[in-house]
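S.K.: heads up, no residue letters with this:
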């Protein structure tokens with residue numbers, strides 16, 4: 001798989017956030033939970049675009065993609081956790097708890113993968129994308 005797909009994924013995240021703002025107007029940003037979630041998801045998309053395009057000023061491409069993964073995972077978990085904390089969740093208590101558990105589990109696994117990529121891919125094989133720290137350590 002080519003790392004350029006992260007460029008497409010990042011652009012998709014940015015377009016989805018802009019579409020959300022266009023569909024619901026910017027008044028939704030008055031809610032701090034919604035504003036924080038959208039900001040984190042959009043910033044994660046920007047970091048993925050930078051990593052996928054190969055135009056990073058410092059660091060390697062997988063560190064930018066990993067940071068984007070961490071932010072997107074955090075945003076996923078926050079999108080269900082914060083409305084429950086603020087008491088604005090449209091779901092009942094049982095459904096809210098189930099959705100929060102699923103969102104924290106899914107977002108947490110994405111954040112774990114991102115942290116691993118920032119570290120250089122100790123648990124996830126980065127060599128399937130491009131020559132990286134795993135292949136370089138084998139060759140030396």
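M.R.: Noted; the coordinates are in hand. Computed from a predicted model, the values in this text were never measured in an experiment.
S.K.: pull the contacting residues for residue 106.
M.R.: 73, 76, 77 (C-beta atoms under 8 Å, 6 or more residues apart in numbering). For glycine as for every other residue, the C-beta is placed from the backbone atoms N, C-alpha and C.
S.K.: of those, which belong to helices?
M.R.: Here DSSP state H is the test, and the contacts of residue 106 give 73, 76, 77 as lying in helices.
S.K.: so residue 116 sits against residue 66, correct?
M.R.: Yes - with contacts counted by C-beta atoms under 8 Å, residue 116 reaches residue 66, the gap being 7.1 Å.
S.K.: of those two, who's got more company?
M.R.: Higher neighbour count among residue 116 and residue 66: residue 66, with 27 against 17, using other C-beta atoms under 10 Å.
S.K.: does that one touch residue 122 like I think?
M.R.: No - with contact defined as C-beta under 8 Å, residue 66 does not reach residue 122; the gap is 11.7 Å.
S.K.: give me the common contacts of these two.
M.R.: Common neighbours of residue 66 and residue 122 (C-beta under 8 Å, 6+ apart) are residue 116.
S.K.: make TSV out of the ones in helices among the contacts of residue 106 and add neighbour count, pLDDT and distance to residue 95.
M.R.: Formatted as TSV, these follow (neighbours: other C-beta atoms under 10 Å; pLDDT from 0 to 100; distance: C-beta to C-beta, whole Å):
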residue	neighbour count	pLDDT	distance to residue 95
73	24	93	22
76	24	89	17
77	22	89	16
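S.K.: give the buried residues for stretch 73-91.
M.R.: For stretch 73-91, a neighbour-count test (16 or more other C-beta atoms under 10 Å) marks 73-84, 89 as buried.
S.K.: how far is that stretch from where the chain is centred?
M.R.: 16 Å (C-alpha atoms, centre = their mean, to the nearest Å).
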